[in-house]
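Undergrad: I would like the atomic coordinates for the input below:
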Amino acid sequence: MKITVVGTGYVGLVSGACFADVGIEVVCVDIDEKKIDKLKNGIMPIYEPGLEEIVVRNYESGRLKFSTNLGEAIQGSDVAFIAVGTPQGEDGSADLKYVLAVADEIGRTMSDYIVVATKSTVPVTTGSKVQKAIQDALDQRGSDLPFAVASNPEFLKEGAAVEDFLKPDRIVIGVEDERAEEIMKRLYKPFQLSGDRIIYMDIPSAEMTKYTANAMLATKISFMNDIANLCELVGADANMVRAGIGSDPRIGNKFIYPGVGYGGSCFPKDVKAIVKTAKQYGYDLRVLQAVEEVNEAQKHVLVKKVKQHFGDDLSGKTFAMWGLSFKPNTDDLREAPALVIIDELRAAGAKVKAFDPIAMEEAREVYIGDKVTYCKDAYEACVDADALLLVTEWSQFRIPSWSALGKLLNHKVVFDGRNIYDRKYLKELGFTHYGIGV
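TA: The predicted structure is shown next:
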């Protein structure tokens, strides 16, 4: 089989490389020539554990190719995946201009039957818009070439995307064409050797499934953060509450860890998009509107605790920040709580010294620039700092040398934004510990 993947971002590159790794001929296409040149030289545009190895291995074997020419790439392809960005518009809706531009180009350049599958996260009814864009382009050519449209949303966790793709817990395929269904079944067979995980449905249902999954997970996070804030007021411990409810199989123990809010490329954008879609149909998704409001407020909780300890005026204070990315094992800073925390500390007059194992280059170039002092390691960030703020729970931050930190920090104060430290143990060492929901 041969497939084309349009877009070499987080979804497209992981998908293309993993398909190539099971023997499929893959061409990844992107209009960014510099990105394509870097990929040909083994330079990744994103950080994702295991991705560089799988890309280089399959590129060197010839199974994975990179191109800027979509018209050439799709010749002979069984499937063309659309995995381009769907940026958030000013009104919160998903902007489909890149998706539809790809569909138009496919319609203008295809020469045989092809399945066009959207892997980008797109709102309901996008499938029909893609269908129309391709058909319009074919009509302009005076061509009656057959094609099919499918929806194949991704369910990849940043930081574990390669593993998630190679060993999926489910594969959702929205398809309304028997020939297309057979092609997609063949394509995913290598990932089904230990059992059938494919769920077939109509295209609108597949599009809705992706948004609903992210919205549900975002809801669990905001719900637990809301409960954690109440726990502080009534004297309860949110960690104990989490353990108590997480043991209920109807609830489960995932995505119920109190913290400083969710970020990243999916949850913030997708919650806004599904809320906007509902409004377009005259319906208010009141629960998800509250989910978004709680999450935005949660990003301010840690600085509120800092001000309660040091006062509202933080002039002359310096704070060490551990972690910049929105979660561990990624360099993604989109909607990261760290960005809000840095801006708020600086607005109060404070200086910030930061360390992140992966995301500092991204922070320098795109998000934060010179707003903070970047340090070579976690301990350098703490030299002469007035307190430590743990924002991203990278594994290397989990068991630091508290004796060393006690000597480096001006005050033995820790603001634990992810509840990873033992409050009682730190108190025994003379530290003041502030957590979330305790």
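
Undergrad: Surely E296 is in contact with G261?
TA: Yes - contact criterion C-beta atoms under 8 Å: E296 and G261 qualify, at 7.3 Å. Using the backbone N, CA and C atoms, a C-beta is placed for each residue, glycine as well.

Undergrad: can you pull the contacts of the closest residue to R141 other than its chain neighbours?
TA: Leaving aside its sequence neighbours, R141 sits nearest to R108 (C-beta to C-beta, 6 or more residues apart in numbering; 6.8 Å). By C-beta atoms under 8 Å, 6 or more residues apart in numbering, the contact set of R108 is G71, A137, Q140, R141.

Undergrad: ranking the residues you listed by neighbours, who comes first?
TA: A137 (18 neighbours; other C-beta atoms under 10 Å).

Undergrad: Counting only helices, which of the contacts of R108 make the cut?
TA: The members of the contacts of R108 that map onto helices under DSSP state H are G71, A137, Q140, R141.

Undergrad: What's the separation between the nearest residue to the third one once chain neighbours are set aside and A148?
TA: So the one you mean is Q140. For Q140, ignoring the flanking residues on the chain, the nearest one in space by C-beta to C-beta, 6+ apart is R108 at 7.6 Å. Using C-beta to C-beta, to the nearest Å, one obtains 18 Å as the distance from R108 to A148.

Undergrad: where's L138 relative to Y98, distance?
TA: From L138 to Y98 the distance is 20 Å (C-beta to C-beta).

Undergrad: Can you give me the domain assignment for this protein?
TA: Here the domain parsing of the chain from automatic domain parsing is 2-201, 211-297, 299-434.

Undergrad: In CSV, list the ones you listed along with mean pLDDT.
TA: Output for these, formatted as CSV (pLDDT from 0 to 100):
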stretch, mean pLDDT
domain 2-201, 94
domain 211-297, 95
domain 299-434, 96
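
Undergrad: can you give me the strands in the protein?
TA: Using DSSP state E, the strands of the chain run over residues 2-6, 25-29, 64-67, 79-82, 115-118, 148-151, 171-175, 198-201, 318-322, 351-355, 373-374, 387-390, 413-416, 432-434.

Undergrad: got these as TSV, with distance to V275 columns?
TA: What follows is these, written out as TSV (distance: least, C-beta to C-beta, whole Å):
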stretch	distance to V275
strand 2-6	28
strand 25-29	32
strand 64-67	36
strand 79-82	24
strand 115-118	21
strand 148-151	20
strand 171-175	22
strand 198-201	23
strand 318-322	31
strand 351-355	32
strand 373-374	36
strand 387-390	31
strand 413-416	31
strand 432-434	32
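
Undergrad: May I see those organised as JSON lines, with mean neighbour count and distance to G127 added?
TA: Compiled in JSON lines, the strands of the chain are given as follows (neighbours: other C-beta atoms under 10 Å; distance: least, C-beta to C-beta, whole Å):
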{"stretch": "strand 2-6", "mean neighbour count": "25", "distance to G127": "16"}
{"stretch": "strand 25-29", "mean neighbour count": "25", "distance to G127": "21"}
{"stretch": "strand 64-67", "mean neighbour count": "20", "distance to G127": "26"}
{"stretch": "strand 79-82", "mean neighbour count": "27", "distance to G127": "11"}
{"stretch": "strand 115-118", "mean neighbour count": "27", "distance to G127": "7"}
{"stretch": "strand 148-151", "mean neighbour count": "25", "distance to G127": "5"}
{"stretch": "strand 171-175", "mean neighbour count": "23", "distance to G127": "7"}
{"stretch": "strand 198-201", "mean neighbour count": "15", "distance to G127": "12"}
{"stretch": "strand 318-322", "mean neighbour count": "26", "distance to G127": "43"}
{"stretch": "strand 351-355", "mean neighbour count": "22", "distance to G127": "43"}
{"stretch": "strand 373-374", "mean neighbour count": "16", "distance to G127": "44"}
{"stretch": "strand 387-390", "mean neighbour count": "26", "distance to G127": "43"}
{"stretch": "strand 413-416", "mean neighbour count": "24", "distance to G127": "45"}
{"stretch": "strand 432-434", "mean neighbour count": "18", "distance to G127": "48"}
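
Undergrad: right, so of those, which gets closest to A160?
TA: strand 171-175 (16.3 Å; C-beta to C-beta).

Undergrad: Listing partners with orientation, what would you give for that closest one?
TA: Its sheet considered, strand 171-175 pairs with strand 148-151 (antiparallel), strand 198-201 (parallel) by DSSP bridges.

Undergrad: what's around N329, how many residues?
TA: 19.

Undergrad: Contacts only, for the nearest residue to it once chain neighbours are set aside.
TA: Leaving aside its sequence neighbours, N329 sits nearest to G159 (C-beta to C-beta, 6+ apart; 3.0 Å). Residues near G159 by C-beta under 8 Å, 6+ apart: E48, P49, K327, P328, N329, T330.

Undergrad: re earlier: more neighbours: which of E296 and G261?
TA: Set E296 next to G261 and count neighbours by other C-beta under 10 Å: G261 wins out with 27 against 15.

Undergrad: Might one say that L324 is in contact with V340?
TA: No - assessed by C-beta under 8 Å, L324 is found out of contact with V340, at 11.8 Å.

Undergrad: which of these two has more neighbours?
TA: L324 (30 against 19).

Undergrad: how far away is the more buried one from T330?
TA: Counting by C-beta to C-beta, the gap from L324 to T330 is 11 Å.

Undergrad: swap in R197?
TA: Taken as C-beta to C-beta, the span from R197 to T330 is 25 Å.

Undergrad: Scan the protein for its longest helix.
TA: As assigned by DSSP H, the longest helix anywhere in the chain is helix 203-234.

Undergrad: for that one, packing partners?
TA: Judged by 3 or more C-beta pairs under 8 Å, 6 or more residues apart in numbering; DSSP states H and E, helix 203-234 is in contact with helix 126-141, strand 148-151, strand 171-175, helix 238-246, helix 267-280, helix 286-298.

Undergrad: So which residues make contact with the shortest one?
TA: This points to strand 148-151. Residues contacting strand 148-151 (C-beta under 8 Å, 6+ apart): 113-118, 122, 126-127, 130-131, 134, 172-177, 179-180, 184, 203, 206-207.

Undergrad: if we go to 6 Å?
TA: 115-118, 127, 130-131, 174-175, 177, 180, 203, 206-207 (C-beta atoms under 6 Å, 6 or more residues apart in numbering).

Undergrad: before we move on, what about the first one?
TA: Applying C-beta under 6 Å, 6+ apart, the external contacts of helix 126-141 come out as L100, A103, D104, I106, G107, R108, F147, V149, S151, I203.
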